[in-house]
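Novice: After the sequence you'll find the predicted model.
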Amino acid sequence: LQLVESGGGLVQSGGSLRLSCAASGETLDGYHVGWFRQAPGKEREGVSCISSSGANTNYADSAEGRFTIFRDTAKKTVYLQMNSLKPDDTGVYYCASYHDREGDCMPFEQWYDYWGQGTQVTISS
């Protein structure tokens, strides 16, 4: 399974971006998918994740109410819609996945086996 992120860019504070995580090699069926970010000089942190069924989601406190994660099974893609962006949201955003047909996704990176290369998000004040 290979993951490719896209959709990053430079936007002003208060703006929006939609990140995409596309799978190749196989579908995302049966995979939980998470988004993580790493700000300059900081450790990577979990932002959001969605269960393999799509029924359950999890958000970091910093993302709650502003970000929405959803998946399009037909397009083998998971999206992260980010609204009301702040300079603190700046960083490299990674999508990741691990196989589990049941249960909730875990927002901790040690659970994830497959990672994309990341996409840069920069929010100007």
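Specialist: Thanks, I have it.
Novice: Give me the most central residue, the chain.
Specialist: What sits nearest the mean C-alpha location of the chain, by Cα atoms, centre = their mean, is residue 35, with 2.4 Å.
Novice: what about that residue, helix or strand, and which?
Specialist: Per DSSP states H and E, residue 35 falls inside strand 31-38.
Novice: so what secondary structure elements neighbour that strand?
Specialist: strand 17-24, strand 45-50, strand 67-72, strand 77-82, strand 91-99 (3 or more Cβ pairs under 8 Å, 6 or more residues apart in numbering; DSSP states H and E). C-betas here are computed from N, CA, C, even on glycine.
Novice: Tell me the buried residues in that strand?
Specialist: Judged by neighbour count using 16 or more other Cβ atoms under 10 Å, the buried positions of strand 31-38 are 31, 32, 33, 34, 35, 36, 37.
Novice: what does stretch 14-22 give?
Specialist: 17, 19, 20, 21, 22.
Novice: same deal with stretch 99-115?
Specialist: Applying 16+ other Cβ under 10 Å to stretch 99-115 flags 104, 105, 106, 107, 111, 112, 114, 115 as buried.
Novice: Please compute how far stretch 24-42 lies from its chain's middle.
Specialist: Here the centre of stretch 24-42 is set off from its chain's centre by 6 Å, with Cα atoms, centre = their mean, to the nearest Å.
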